[in-house]
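*Asks:* Build me a structure from this.
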Amino acid sequence: MTPSTLSVRPDVAALFQPMRLGPYDLENRMVMAPMTRSRATDGHVPPEMAATYYRQRASAGLIVTEATQVHPEGVGYPNTPGIHSDEQVAAWRRVTEAVHEDGGRIFLQLWHVGRISHPIYHDGEKPVAPSAIRPEGSVFTSEGMKDFQEPRALTTDEVGERVAWYRRGAERALEAGFDGVEVHGANGYLVDQFLRNGANRRTDRYGGSIENRIRFPLEVVDAVAEVWGPKRVGIRISPLAAFNDMSDSDPQALFAAFAQALGERDLGYLHIIIDDALPEDDPRSFDPLTLGDVFGGTVVAASGYDAETGAEVVEAGRADLVAYGRAFLANPDLPRRFVEGAELNEPDPDTFYGGDEGGYIDYPTLDEVESD
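*Replies:* Numbering: from 1, shown residues only. Model prediction:
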């Protein structure tokens, strides 16, 4: 039984209005947010059970996969999947076929962590970044927590090579049968590092002015869109998030310029994390959803929404789609539960990262709960 066959509660009805996203008809406005699960096998290959995991959640209007590195240099955590080898492509194809068999749509999130890594992943070599600025904090590795190290600043020519890696990742995602791709431009990883001047102190054409700092992210988007067409490409941003030691002196001006440039490219969507790490009286604070007006296209909002608040943001016209993370992780049939107002499974934080099937593909559906 799918949500489309059920009577929808009026207070969540906005989430279950069908919509068009590029060439695709989505049955609802609920997006399964990208969530790192750290269950890839040797060679950063998605495990066989990933096909089950994503198939179980195919009733989402759209699935965005966990972040997936476009090159071995982009690795920053244990057991995260890639999209840079034939074996990885074959494993992801099993996932896309499973999701499509159950009527779902799935985009791959393209990722490079930049400085949020450690030499342990790179044969002792430093991670790379826009500038040689060591982030505060530590990173989880196969040997436990380790302090971040000072990264090596990319040369101007090397920046172009990384753009090519994103393009190749997009090509391999197409080979793997995905419906589109999302560029990971949030959470302090490489694209975000180029955007924000707390991490980017370059003096070449990729640093300094806002125009220069958005150059690499736009080159990545353009390269990916050449593979997929712009309407099958999205990008995720986190304008105010301080995660991974990120900051900017004028985030509103920066992200308004970036959103406008993205809108001019007629992308499929702009995925905005509404994570306000700044005090309300901080002059840099602003409402990130206003970027949707500048972008002028489809907006995905992500910020701990529940059924009612998600419906409200869609009903108000402030977003077109709403991303759900942990709720989808623990509730494979989340759309149906929202429709019926059913109780939700509680996610188990101890099984978020790494491990086996436990906390991955064994969360019960509503039918399974009711049959117990």
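*Asks:* who touches residue 108 in this structure?
*Replies:* 64-65, 68, 83, 92, 173, 176, 178, 180-182 (Cβ atoms under 8 Å, 6 or more residues apart in numbering). In this view, the C-beta of every residue, glycine as well, is placed from N, C-alpha and C.
*Asks:* and if we set it to 10 Å?
*Replies:* 34, 63-68, 70, 81, 83, 92, 95-96, 169-170, 172-174, 176-182 (Cβ atoms under 10 Å, 6 or more residues apart in numbering).
*Asks:* got it, and residue 225?
*Replies:* Counted by Cβ under 10 Å, 6+ apart, residue 225 has contacts 167, 170, 181, 183, 231-233, 265-268.
*Asks:* If any of those residues are buried, put those into a ChimeraX selection.
*Replies:* With 16 or more other Cβ atoms under 10 Å as the criterion, this ChimeraX line picks the buried residues out of those:
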select :167,170,181,183,231,232,233,267,268
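*Asks:* quick one: pLDDT of residue 275?
*Replies:* pLDDT for residue 275: 80.
*Asks:* okay, now residue 47: neighbour count?
*Replies:* Residue 47 is flanked by 20 other residues according to other Cβ atoms under 10 Å.
*Asks:* Which parts of the stretch 51-200 of the chain are strands?
*Replies:* 62-69, 106-111, 128-129, 138-141, 144-147, 152-153, 180-185 (DSSP state E, counting those that start in this stretch).
*Asks:* closest one to residue 88 among the ones you listed?
*Replies:* strand 62-69 (8.2 Å; Cβ to Cβ).
*Asks:* and the angle from that closest one to strand 180-185?
*Replies:* Strand 62-69 and strand 180-185 are oriented at 50 degrees to each other (axes from the mean of the first three to the mean of the last three Cα atoms, to 10 degrees).
*Asks:* CSV for the strands of the stretch 51-200 of the chain, including distance to residue 26 and mean pLDDT?
*Replies:* Listed next are these as CSV, based on distance: least, Cβ to Cβ, whole Å; pLDDT from 0 to 100:
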stretch, distance to residue 26, mean pLDDT
strand 62-69, 6, 98
strand 106-111, 12, 99
strand 128-129, 36, 98
strand 138-141, 34, 90
strand 144-147, 40, 93
strand 152-153, 41, 98
strand 180-185, 12, 98
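*Asks:* now these as a markdown table including distance to residue 366?
*Replies:* Listed next are those as a markdown table, based on distance: least, Cβ to Cβ, whole Å:
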| stretch | distance to residue 366 |
| --- | --- |
| strand 62-69 | 19 |
| strand 106-111 | 22 |
| strand 128-129 | 45 |
| strand 138-141 | 34 |
| strand 144-147 | 38 |
| strand 152-153 | 50 |
| strand 180-185 | 28 |
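*Asks:* among those, which is nearest residue 287?
*Replies:* strand 180-185 (18.8 Å).
*Asks:* which residue ranges form the helices in the stretch 151-300 of the chain?
*Replies:* Taking DSSP state H, counting those that start in this stretch as the test, the helices found in the stretch 151-300 of the chain are 156-175, 190-195, 210-213, 215-228, 251-264, 291-295.
*Asks:* What average pLDDT does the longest one get?
*Replies:* What it means is helix 156-175. On average, helix 156-175 scores 98.
*Asks:* And it, what does it pack against?
*Replies:* strand 62-69, helix 86-101, strand 106-111, strand 128-129, strand 180-185, helix 190-195, helix 215-228 (3 or more Cβ pairs under 10 Å, 6 or more residues apart in numbering; DSSP states H and E).
*Asks:* Quick check: buried residues in that helix?
*Replies:* 159, 162-163, 165-174.
*Asks:* export these to JSON lines and tack on distance to residue 195?
*Replies:* JSON lines is the format used below for these (distance: Cβ to Cβ, whole Å):
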{"residue": "159", "distance to residue 195": "13"}
{"residue": "162", "distance to residue 195": "14"}
{"residue": "163", "distance to residue 195": "15"}
{"residue": "165", "distance to residue 195": "18"}
{"residue": "166", "distance to residue 195": "15"}
{"residue": "167", "distance to residue 195": "19"}
{"residue": "168", "distance to residue 195": "22"}
{"residue": "169", "distance to residue 195": "19"}
{"residue": "170", "distance to residue 195": "20"}
{"residue": "171", "distance to residue 195": "24"}
{"residue": "172", "distance to residue 195": "25"}
{"residue": "173", "distance to residue 195": "23"}
{"residue": "174", "distance to residue 195": "26"}
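*Asks:* Just give me the closest of those to residue 288.
*Replies:* Residue 288 has its nearest neighbour among those in residue 166, at 23.8 Å by Cβ to Cβ.
*Asks:* what stretches of this structure score poorly on pLDDT?
*Replies:* Under the criterion pLDDT under 70, the flagged ranges of the chain are 1-6, 372.
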